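Q: Sequence and computational prediction follow.
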Amino acid sequence: MANDIHIHPAQTARDRRAIVTFPWRIYRNDPLWMPPLISERLARLDPERNPFFQTGEAQPFLAYHQGQLVGTIVPAINHHANRYLGEEVAVFGFFEVVEDYAVAQALFGTAADWARQKGMKALRGPFHFTPSDEPGLLVVGRDTPPVILMGHNPPYYVNFIQRFGFVKFGADSLAFRAWTAPYEGDPGRLPPKLLRVAEAIQRRGGFTLRHGRLDRWDQEIELAFHIYNGALSTLPRFVPLTRADFERQARALEPLLDPDLVLFAEVNGQPVGFALGLPDINQAIRHANGGRYPWDWLKLWWYSRRIDCLSFKILAVLPEYRGRGIDVLFYLQMARQALAHGYRWVDMSLTSEDNLMTTRIATRFGAEVYKRYRTFQLAL
């Protein structure tokens, strides 16, 4: 097939739609795949609707063989991140390909050439287009479907990317899973040591937890934005999210928000920490088939009432308040809410394999690693 592969840059709305809908061919026999909502993916590729393009650029490519689409890739440059980190790095996402290495080779080669022409020194990914957008390839945990904001891919993708010369970049991202069955009907059966620790933390630290206020969500977004960037600022490769990109993500999640699962920690009325849990809407999206037809949205609504997983997505504490046990309070309160709402299990994702404190607390709640994602980099 190698001599008959033709790579074309996407130039029209029809090309972008072809990129978004191509995964239906790749995963048609994969019962674990979660079809994305087509409208959301189209918006992510649209420079008019994705704030990423205010400070970044991207070039989608499509691979064809004998007139048939056989692969896609979208290299991009996040100029905001490059300036902040002092790097010259391009990223890539929307990588989907048939099980033929020649096609993957052509796609990776095209993306690398595009990045070189832009003066970049490395190509990193996959994610679309920031590290908070379904980062990495799934390398462990293909026995369960992905929860909200997590990716899924065939195992041969890992082989293809390594064969081309990409190597592991940074720490793997881990997803933890804990079952609520041992504590059902009796939240008091949560680990006694943690309950005692939580009582002592609140008594000595003067911390209070409150639920999010959806009636003043604009103000809550502003608080969460500053806490998130401030809390993660100490990580070695963290790039602060722009206000526009943070709001894009927050607005996308707004229909899923339950005020019981939006938590703020305060000291003397001042917010110092933020935690977010979400119902795993993927359990409903899998029945919506991308939202192609009106009845697909009815299925989405119907199955959204039967979600049995709570996904604990964000835990952020300002650096000056770390080590005081606020993270324990957040975990405990999220566990109580999971029990109160009848969730069968809790997903905690994603966290770096280097984050030993999170691993320690998660395992105390009976959690175990059930998925592992890996980011790769190619020197140009």
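A: It's in. It should be emphasised that the depicted structure is a prediction, and the values quoted were computed from it without experimental measurement.

Q: any idea how far Cys309 is from Gly342?
A: 11 Å (Cβ to Cβ, to the nearest Å). Quick note: C-beta positions are derived from backbone N, CA and C, even for glycine.

Q: Kindly apply the preceding question to Pro75 instead.
A: 44 Å.

Q: who has more neighbours, the two?
A: Applying other Cβ atoms under 10 Å to Pro75 and Gly342 shows that Pro75 carries more neighbours, namely 28 against 11.

Q: Pairing partners for the helix or strand that that one is a member of, with directions?
A: For Pro75, the host element (DSSP states H and E) is strand 68-78. The strands beside strand 68-78 in its sheet (DSSP bridges) come out as strand 56-58 (antiparallel), strand 61-65 (antiparallel), strand 89-97 (antiparallel).

Q: most packed of these?
A: strand 89-97 (a mean of 25; mean count of other Cβ atoms under 10 Å).

Q: ok now it, how far from the chain's centre?
A: Distance, stretch centre to chain centre, for strand 89-97: 15 Å (Cα atoms, centre = their mean, to the nearest Å).

Q: Now do it, average pLDDT.
A: Strand 89-97 carries an average pLDDT of 97.

Q: Name the residues that touch that strand?
A: By Cβ atoms under 8 Å, 6 or more residues apart in numbering, the residues outside strand 89-97 that reach it are 19, 22-23, 26, 45, 60, 63, 70-78, 81-82, 103-104, 107, 111, 114-115, 118, 120-129, 133-134, 157, 160, 377.

Q: run the last query once more with 7 Å
A: 19, 22-23, 26, 60, 70-78, 82, 103-104, 107, 111, 115, 118, 120-129 (Cβ atoms under 7 Å, 6 or more residues apart in numbering).

Q: swap in stretch 98-117?
A: 1-2, 5, 7, 59, 61, 63, 70-71, 73, 75, 90, 92, 95, 97, 123, 156, 160, 163-164, 378, 380.

Q: Strands of the stretch 151-300 of the chain, residue ranges please.
A: 167-168, 173-179, 207-211, 262-267, 270-279 (DSSP state E, counting those that start in this stretch).

Q: Which of these sits closest to Ala367?
A: strand 173-179 (3.9 Å; Cβ to Cβ).

Q: Now do the buried residues in the closest one.
A: Using 16 or more other Cβ atoms under 10 Å as the test for burial, strand 173-179 gives Ser173, Leu174, Ala175, Phe176, Arg177, Ala178.

Q: Quick check: the farthest pair among those?
A: Ser173 and Ala178 (17.6 Å).

Q: lowest-pLDDT helix or strand in this structure?
A: The least trusted helix or strand in the chain, going by mean pLDDT, DSSP states H and E, turns out to be helix 294-303, with a mean of 64.

Q: pLDDT averaged over the helix or strand that comes right after that one, what's the number?
A: Next helix or strand after helix 294-303 toward the C-terminus (DSSP H and E): strand 309-317. Strand 309-317 carries an average pLDDT of 94.

Q: how much does strand 309-317 deviate in direction from strand 270-279?
A: Following axes from the mean of the first three to the mean of the last three Cα atoms, to 10 degrees, one obtains 160 degrees for the angle between strand 309-317 and strand 270-279.

Q: now for strand 309-317, which elements pack on it?
A: If you count contacts as 3 or more Cβ pairs under 7 Å, 6 or more residues apart in numbering; DSSP states H and E, strand 309-317 packs onto helix 217-232, strand 270-279, helix 326-340, strand 345-352.

Q: which stretch in those is the model least sure about?
A: helix 326-340 (a mean of 88).

Q: Show me how the protein divides into domains.
A: 2-172, 181-343 (automatic domain parsing).

Q: Same list (these) but as TSV, adding distance to Leu356.
A: Listed next are the domains of the chain as TSV, based on distance: least, Cβ to Cβ, whole Å:
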stretch	distance to Leu356
domain 2-172	11
domain 181-343	13
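
Q: between those domains, which one is nearest to Tyr370?
A: Using Cβ to Cβ, the nearest of those to Tyr370 is domain 2-172, at 5.3 Å.

Q: Measure how far that closest one is from the centre of its chain, please.
A: For domain 2-172, the distance to the chain centre is 15 Å (Cα atoms, centre = their mean).

Q: among the strands paired with strand 68-78, which is nearest Asn289?
A: strand 89-97 (17.0 Å).

Q: Next SSE downstream of that closest one?
A: Assigned by DSSP H and E, the successor of strand 89-97 is helix 101-117.

Q: now the angle from that following helix to strand 61-65?
A: 150 degrees.

Q: Show me which parts of helix 101-117 are buried, residue by residue.
A: In helix 101-117, counting by 16+ other Cβ under 10 Å, buried: 101-108, 110-112, 114-115.

Q: Return the member of those residues nearest to Asp245.
A: Ala115 (21.4 Å).

Q: now the strands paired with strand 68-78 as JSON lines including distance to Ala265?
A: Below are the strands paired with strand 68-78 laid out as JSON lines (distance: least, Cβ to Cβ, whole Å):
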{"stretch": "strand 56-58", "distance to Ala265": "33"}
{"stretch": "strand 61-65", "distance to Ala265": "45"}
{"stretch": "strand 89-97", "distance to Ala265": "33"}
